[in-house]
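Enquirer: structure, please.
(one chain, ligands or ions: 1)
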Amino acid sequence: MSEELQSSYDRVAENYAEQFRDEMDQKPFDRKMLDWLSEKVGALGVICDMGCGPGQIARYLHGRGMKVCGVDLSPEMVRQAQSLNPEITFQQGDMFALADIADDAYGGIAAFYAIVNLPRPSVVLALRELRRVLCPNGVLLLAFHIGQGIKHLDEMLGQEVSLDFFFFETAEVKDYLRTAGFELEEAIERDPYSEAVEYQSRRAYIFARKPYRQQGESCRWIDAGHKMSGGSQRS
Ligand SMILES: C[S@@+](CC[C@H](N)C(=O)[O-])C[C@H]1O[C@@H](n2cnc3c(N)ncnc32)[C@H](O)[C@@H]1O
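Expert: This is a model prediction of the structure:
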């Protein structure tokens, strides 16, 4: 399953980048959500754009002065993200098993439409892995399409693909997050922007935090005295 997913995104990556690289310019609501994520993460550490595609979310956060990086399953998406955003570090990785990423590595994770290709029974597994790589009190922002069905695509942006897109109810994803060990903060829904801007589905944005393991625990980035200096990449 994941091989077909990866190769589908590899094939579509160039056209996807062309289509979505500047999409934040047309999505003020999403920018607000990312501003709020930045505020919540503050000096906790790096924000990872998970399932980053061409890196438009990382780019926006970087422009707001946050330390950012990006991870995607598809090497071709990573290549697109890297060439569009040379000042940010992107790497290939699978959110079910982020082998190169240490426990507690990130202050925040923005996962925009990263869960949309995950079959329902596997979502909690991926969320547990995201929780592992977040530091205590770190913040996850998930964005996804609201609904109940599955849409299969054999073609996307002019390329042959085989991709299932899963729609989720907000209450359902809240349950997945609780099961994966997150504390829920806000869950917000919006209507779609116009057809010219995006696919016509309602969207959900959920903020959730990794709880402290014990009282008095803090993030090692803060312990190490790291400062948030405007927009440089993670060292
Ligand atoms: C619908 S695209 C979203 C891309 C971008 N975040 C956006 O908002 O346009 C889904 C992305 O998630 C990536 N992805 C899917 N499964 C993944 C996994 N298991 N680990 C990491 N990335 C994954 C895909 O390669 C693809 O780039």
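
Enquirer: got the contact list for the lengthiest helix in the chain?
Expert: Longest helix of the chain, by residue count under DSSP state H: helix 2-20. Here helix 2-20 makes contact (CB atoms under 8 Å, 6 or more residues apart in numbering) with 53-54, 56, 72-77, 79-81, 84, 94, 96, 117, 156-163. Placement of C-beta: from N, CA and C, glycine included.

Enquirer: what about the strands in the chain?
Expert: 47-50, 68-72, 89-92, 106-112, 134-145, 150-156, 159-166, 183-190, 203-209 (DSSP state E).

Enquirer: closest one to the ligand among those?
Expert: With distances scored as CB to the nearest ligand atom, the stretch of these nearest to the ligand is strand 106-112 (3.7 Å).

Enquirer: pLDDT of that closest one, averaged?
Expert: For strand 106-112, mean pLDDT rounds to 98.

Enquirer: now Thr179: closest residue in space that isn't a chain neighbour?
Expert: Residue nearest to Thr179 in three dimensions, not counting chain neighbours: Val124, with 5.1 Å by CB to CB, 6 or more residues apart in numbering.

Enquirer: for that neighbour, give me its contacts.
Expert: Tyr176, Thr179, Ala180.

Enquirer: show me where the chain dips below the pLDDT cut-off.
Expert: Along the chain, segments meeting pLDDT under 70 span 1, 216, 218-235.

Enquirer: residues from it in reach of the ligand?
Expert: By CB under 6 Å from any ligand atom, the part of the chain that sits against the ligand consists of 5, 9, 20, 51-53, 57, 72-74, 77, 94-96, 112-114, 116-117.

Enquirer: and the residues you listed, which of them are buried?
Expert: For the residues of the chain next to the ligand, a burial check counting by 16 or more other CB atoms under 10 Å picks out 5, 9, 20, 51-53, 57, 72-74, 77, 95, 112-114, 116-117.

Enquirer: picking up where we left off before, roughly how far apart are the residue nearest to Thr179 and Phe144?
Expert: Distance from Val124 to Phe144, counting by CB to CB, to the nearest Å: 14 Å.

Enquirer: same deal with Asp94?
Expert: Taking CB to CB, one finds Asp94 at 19 Å from Phe144.

Enquirer: OK, contacts around Tyr176?
Expert: By CB under 8 Å, 6+ apart, the neighbours of Tyr176 are Val123, Val124, Leu127.
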